[in-house]
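Visitor: From the sequence below, what's the structure:
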Amino acid sequence: MLTGVLVVILVILIVSYGWHIHRAYSVFTRLGIPGPPTRFFFGNFLDILKTDRISLAIQTWTEKYGKIFGYFEGHTPILVISDPDILQDVFITSFSNFHSRREILFAESKAKNAHLFVARGLRWKRQRFIINPTFSSLKLKQMSPLINHSVDILMEKMAEQHQCGQSFDIFVFFKRFTMDTIWSCGFGLDTNMQHDLNNQYLLYSQRVLTKEFCLTKLVICFIFMNELKWL
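Guide: So this is what the prediction gives:
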């Protein structure tokens, strides 16, 4: 008798879970929003892992499906928008309607010390409002000398390579230039990373942006935790 009850409960859970997944995967179809085909349970995570970085996957999908499309992380729908007019409406005109962020697992979004990346709701909105002046036109213009300085160093490095008369990987130079600009404008530090290849800021920044840092096991764990949370 007990075995029969457990079997019935298990069947109900499986059917309910399958229905939930099916309905989740059809949300963009119902809204008429295009996107890449999904795989049961994983959504589009496996496609993302194949491209090393999520930015490359989004770029490929944008070229194929347009400036507005949807994909899935597990069964969580993610809407991607790269249309400037819509982004203007989301971030500025109708900002009061989009003041929350997606929940990050293991992050204490309600804690008093929750920072901008994990805060949600009104706390996130308040923090975002505080830093908005940092990205005003006036503030960005004041950063121009710092950016120009980094550009000058970049051009010098590329000129040195050009004089050698051999081909070179321009991505390496742009990576150092980008991080140099971020550290100087965002943190007020002259890291000298375009000259010093062993610079600690450069090395740690590269670790964050490499595939080795984004462990596949951690990504899979993220999917499982989302599914277990629903169950």
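
Visitor: what sits up against stretch 15-28?
Guide: By CB atoms under 8 Å, 6 or more residues apart in numbering, the residues outside stretch 15-28 that reach it are 34-35, 38, 40-41, 43, 69-70, 72, 75-77, 79, 230-231. Bear in mind the C-beta positions are built from the backbone N, C-alpha and C, glycine included.

Visitor: Among these, which are located in strands?
Guide: If you go by DSSP state E, those have 69-70, 72, 76-77, 79 in strands.

Visitor: And the helices in the protein, which stretches?
Guide: 2-25, 27-31, 45-50, 54-65, 84-88, 121-131, 137-142, 144-163, 170-187, 200-209, 216-230 (DSSP state H).

Visitor: Send over the fifth one as CSV, restricted to the C-alpha atoms.
Guide: When you say that, I think you mean helix 84-88. Output of helix 84-88 as CSV, limited to C-alpha atoms (Å, rounded to 0.1, in the frame of the first residue of the first chain):
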residue,chain,number,x,y,z
PRO,A,84,19.0,51.4,-28.3
ASP,A,85,15.5,52.8,-28.2
ILE,A,86,14.1,50.1,-26.1
LEU,A,87,17.2,50.2,-23.8
GLN,A,88,16.7,53.9,-23.4
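
Visitor: what's that helix packed up against?
Guide: Where contact means 3 or more CB pairs under 8 Å, 6 or more residues apart in numbering; DSSP states H and E, helix 84-88 is not packed against any helix or strand.
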